[in-house]
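Visitor: Quick one: sequence plus predicted model below, questions after.
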Amino acid sequence: MGKLRIRREMNLMKRIAVLVVGVLVLGAMVWAQNPLLINGAGATFPYPMYSKWFDEYHKKFPNVQINYQSIGSGGGIKQVTEGTVDFGATDGPMNDEQLKAFQAKRGSAILHFPTVLGADVPTYNIPGVTAELSFTPESLAGIFLGKITKWNDPAIASANKGVNLPANDIVVVHRSDGSGTTYIWTDYLSKVSDEWKNKVGKSTSVNWPVGLGGKGNEGVAGLVKQTPNAFGYVELIYAVQNSMPYGRVKNSSGALIKADLASVTLAAAGAAKEMPEDFRVSITNAPGKNAYPISSFTWLLIPQKFQDAGKRDALKGFLEWMLADGQNYAEALSYAKLPKEVIEKEKRAINSIQ
Amino acid sequence: MATVNPTIQSAGPAAGSRSFLSKLRDGDEIARLITFLFAASVVLITVLLVYELWISSALPRQKFGLHFFVTQVWDPVMDEYGALPFIYGTLVTSVVSLLLAVPLGIGASIFLAELAPPQISDTLQFFIDLLAAVPSVIYGLLGVFIVVPLMRTVIFPGLNKPLGFLPFFKGPSYGVGFLTAGIVMAIMVIPYIISVSREVLLSVPRDQREAALALGSTRWESTWKVVVPFAKTGIMGSIFLALARALGETMAVTMVIGNTPKISASLFAPGYSIAAVIANEFTEATGDLYLQSLIELGLVLFLLTFILNGLARLLIIVTTQKGSGVGNR
């Protein structure tokens, strides 16, 4: 019995040894084929788009693998400044102070590359009203400043002739978490209302004069759906994917525009003529007959100088691909494509990465 | 020990370290050392945590000083931060949840420990343990889809009509707010109170009950006047646990509190809590002062927990001294 047991144990040991060696060899093989790893972090809004892109790009070029963590724009800016990631991503462009901080810490400039476009849409829940509502910039600012408190206020009613709006109090709903969506919304309100600009301003989270906060698009949508007479804003993508009703907004040419991928791209095209060289531009309330006014770019943040030539070339390659083939994936995921004018300009900017 | 020690000591090599080595061989010293390290690590982690929070919140401490505690503005655009609405929201929701959960939880634990047949008690205990293990986001969803509409359509009209003259029950109600958060949190902490209190009540010695019954008290009298006071310290412990959970609850609260940094007397008004604002704004906090103000809020929450726990402990000391005739055995 004893001998048999010992033999059995020996067999087991051998098997384990073979297994260990096997794992080691496999590990070494994987190690040898390890692709060039590039790490990025930042905005959550374009995350579905970026993960699709990085996945497709890895399939095409197996020697490059790009990891992206959607930790938020603030985290993205912070981490790329600290140098813990190779590139960042943000929904609101970096301000001058942040650019200086990057220059001081990393000894080079950082470049903004617009990738796709997003938009915010106004959404509401008024019992008894099924018609699609239209909003003027004045009414949107008035509601969010707490100056327009009833649905039948003349400022709202004048743009919605023929709709029987009730005399109920408006329940304003905004995002409670810091988000690019809020940045776009407050950036727009700052442009159309001086009072908003001076009293509240634009940021990923602000000191709201009125309203309830919902966490995430789903939080805002949930509150609006549940609360009678509620009014809030969500990302266009979220509204489209969940088939939520949303209103039209009057643009800078005076036309009432319903947000869709085409009207958002038109806003970018309208702003392209006056686009600064560093792409840090807000395209809310952009000129253009059919441009949707509450639109924005989202950006990749790429350092201008790389220590690692391999990473530099890989990222440059990715940017080229993103501007050409990559754009074709955008509309399937409900992101608006970049207009041609912006793509041409970005292609020139890629060359400045060293 | 005196008879054992010399034999072991003679086996040790060096004369000076004999007793220590022998203790080491016994395992006593090893066990003492290891368990001491474990116990010390708790203190170490706490100290490290406070140190880290203190260091990482230097900017707002310098800029705002004690004003941080009394300012009501929270404005990331103008870089002005004050903690008062968040402290208020955290305290109010915690107090509301304990006011609801303590009587319910203790009542239920008395039934389970003293009055219910053992099979029913054990079966119910199983469900209570299940409830304690449900993640808080699930309770948040329960709050959003059930408590919030119920609050708007049933609870608010029910309380506002008869009690609307009190500032606590003034309208309007959006469904989300302090009371909603308190109710959801009460549902979350009740299992803790029941579970711990039931165990404590069950561990009260049998002769305590028998003595009370022998003196002619009814079953309820023996439960209420003898068993419960005997178990008071343990029951208080369960309430601490509930309070700690309530103060730090994040996910469920942020889903139902309304996320509005305002101080309102009405329980139906929307508010904000410390844990909720940290969870909401930390990821997108770009400026240094902004980020560090959020970290200082974490420090404030830590302090708040510390103070409340201290007060509760003081309360126990005072009350147990008063009732020493019963509890001190």
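Guide: That came through, no problem.

Visitor: In contact with the most centrally placed residue in chain B, which residues?
Guide: The centroid of chain B falls nearest to B:Ala244 when counting by C-alpha atoms, centre = their mean (2.0 Å). Counting by C-beta atoms under 8 Å, 6 or more residues apart in numbering or on different chains, B:Ala244 touches B:Thr305, B:Asn309. For every residue, glycine as well, the C-beta is placed using N, CA and C.

Visitor: Check B:Arg206 too.
Guide: Listed by C-beta under 8 Å, 6+ apart, B:Arg206 has no contact partners.

Visitor: Now do the residue nearest to the centre of chain B, the pLDDT please.
Guide: Note on B:Ala244: pLDDT of 89.

Visitor: same thing with B:Gly216?
Guide: For B:Gly216, the pLDDT comes out at 91.

Visitor: ok, now A:Lys147?
Guide: Model confidence at A:Lys147, given as pLDDT, is 95.

Visitor: still on that earlier bit, distance of the residue nearest to the centre of chain B from chain A?
Guide: The gap separating B:Ala244 from chain A is 23 Å, by C-beta to the nearest C-beta, to the nearest Å.

Visitor: Are stretch B:82-101 and chain A in contact anywhere?
Guide: No: using C-beta under 8 Å from any C-beta of the partner chain, we find that stretch B:82-101 stays clear of chain A, coming within 10.7 Å at best.

Visitor: How about that stretch, which residues are buried there?
Guide: Of the residues in stretch B:82-101, B:82-90, B:92-94, B:96-98, B:100-101 count as buried by neighbour count, 16 or more other C-beta atoms under 10 Å in any protein chain shown.

Visitor: what do you get for stretch A:330-337?
Guide: Using 16+ other C-beta under 10 Å as the test for burial, stretch A:330-337 gives A:Ala330, A:Ser334, A:Tyr335, A:Ala336, A:Lys337.

Visitor: Which residues does it contact?
Guide: Contacts with stretch A:330-337, where a contact means C-beta under 8 Å, 6+ apart, come from A:46, A:48-49, A:52, A:116-119, A:236-237, A:240-241, A:261-262, A:264-265, A:268, A:295, A:327.

Visitor: Would you write a ChimeraX line that selects the buried entries of these?
Guide: In ChimeraX, this line selects whichever of the contacts of stretch A:330-337 come out buried by 16+ other C-beta under 10 Å:
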select /A:46,49,52,116,117,118,119,236,237,240,261,264,265,268,295,327
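
Visitor: Helix, strand, or coil at A:Gln354?
Guide: Three-state call for A:Gln354 (DSSP: H, G, I helix; E, B strand; the rest coil): coil.

Visitor: That one - nearest residue in space that isn't next to it in sequence?
Guide: Counting by C-beta to C-beta, 6 or more residues apart in numbering or on different chains, A:Gln354 lies nearest to A:Lys305, which is 5.2 Å off, once chain neighbours are set aside.

Visitor: Next: B:Gly105.
Guide: Per C-beta to C-beta, 6+ apart, closest to B:Gly105 is B:Ile193, 3.0 Å.

Visitor: any idea of the pLDDT on the residue in the stretch 201-350 of chain A positioned nearest to chain B?
Guide: Chain B sits closest to A:Gly213 of the stretch 201-350 of chain A, with a gap of 2.8 Å, by C-beta to the nearest C-beta. For A:Gly213, the pLDDT comes out at 94.

Visitor: do the same with A:Ala131
Guide: Looking at A:Ala131, its pLDDT reads 89.

Visitor: hang on, it packs against A:Leu165?
Guide: No: with contacts counted by C-beta atoms under 8 Å, A:Ala131 stays clear of A:Leu165, the gap being 9.6 Å.

Visitor: Between the two, which is the more surrounded one?
Guide: Using other C-beta atoms under 10 Å in any protein chain shown, the more surrounded residue of A:Ala131 and A:Leu165 is A:Leu165, with 17 against 13.

Visitor: before we move on, the earlier item: go through the buried residues of stretch A:330-337 and flag which are in helices.
Guide: The subset of the buried residues of stretch A:330-337 located in helices under the criterion DSSP state H is empty.

Visitor: and A:Lys147, helix, strand or coil?
Guide: Following three-state DSSP, A:Lys147 is assigned to coil.

Visitor: Can you give me the neighbour number for it?
Guide: By the criterion of other C-beta under 10 Å, A:Lys147 has 16 neighbours.

Visitor: how near is it to B:Ile257?
Guide: 26 Å (C-beta to C-beta, to the nearest Å).

Visitor: Residues of chain B that sit close to chain A?
Guide: Contact residues, chain B versus chain A (C-beta under 8 Å from any C-beta): B:73-78, B:144, B:148-149, B:152, B:172, B:174-176, B:254-255, B:258-260, B:270, B:272, B:276, B:279-286, B:291.

Visitor: right, and A:Leu300 touches A:Phe87 too?
Guide: Yes: assessed by C-beta under 8 Å, A:Leu300 is found in contact with A:Phe87 at 6.0 Å.

Visitor: Now the common contact residues for the two.
Guide: A:Gly40.

Visitor: what about B:Val42, how many residues close to it?
Guide: 9.

Visitor: Can I take it that it is in a helix?
Guide: Yes: counting by three-state DSSP, B:Val42 falls inside a helix.

Visitor: for the stretch 201-350 of chain A, what spans make up the strands?
Guide: A:212-214, A:230-235, A:248-250, A:256-257, A:295-303 (DSSP state E, counting those that start in this stretch).

Visitor: okay, these in a markdown table with distance to A:Asn63 next?
Guide: A markdown table is the format used below for the strands of the stretch 201-350 of chain A (distance: least, C-beta to C-beta, whole Å):
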| stretch | distance to A:Asn63 |
| --- | --- |
| strand A:212-214 | 43 |
| strand A:230-235 | 35 |
| strand A:248-250 | 46 |
| strand A:256-257 | 44 |
| strand A:295-303 | 20 |
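
Visitor: can you tell me which of those strands comes nearest to B:Pro205?
Guide: Proximity to B:Pro205 (C-beta to C-beta) singles out strand A:212-214 among the strands of the stretch 201-350 of chain A, at 52.2 Å.

Visitor: Buried residues, the lengthiest helix in chain B. List them.
Guide: Counting residues, the longest helix found in chain B (DSSP H) is helix B:288-322. Under the neighbour-count criterion of 16+ other C-beta under 10 Å, helix B:288-322 has B:289-302, B:304-305, B:308, B:316, B:320 buried.

Visitor: Out of the residues of chain B next to chain A, which end up buried?
Guide: With neighbours counted by 16+ other C-beta under 10 Å, these contain buried members at B:74-77, B:144, B:148, B:152, B:174-176, B:254-255, B:258-260, B:270, B:272, B:276, B:279-286, B:291.

Visitor: which ones among those are found in helices?
Guide: Counting by DSSP H, the members of these that fall within helices are B:Val148, B:Thr254, B:Met255, B:Ala276, B:Ala279, B:Asn280, B:Glu281, B:Leu291.

Visitor: Check whether the second one really touches B:Asn280, as I assumed.
Guide: Yes: taking contact to mean C-beta under 8 Å, the distance of 6.1 Å between B:Thr254 and B:Asn280 places them in contact.

Visitor: joint contacts of these two?
Guide: Common contact partners of B:Thr254 and B:Asn280 (C-beta under 8 Å, 6+ apart): A:Ser176, A:Lys215.

Visitor: And B:Asp28, how close does it get to B:Phe38?
Guide: 16 Å.
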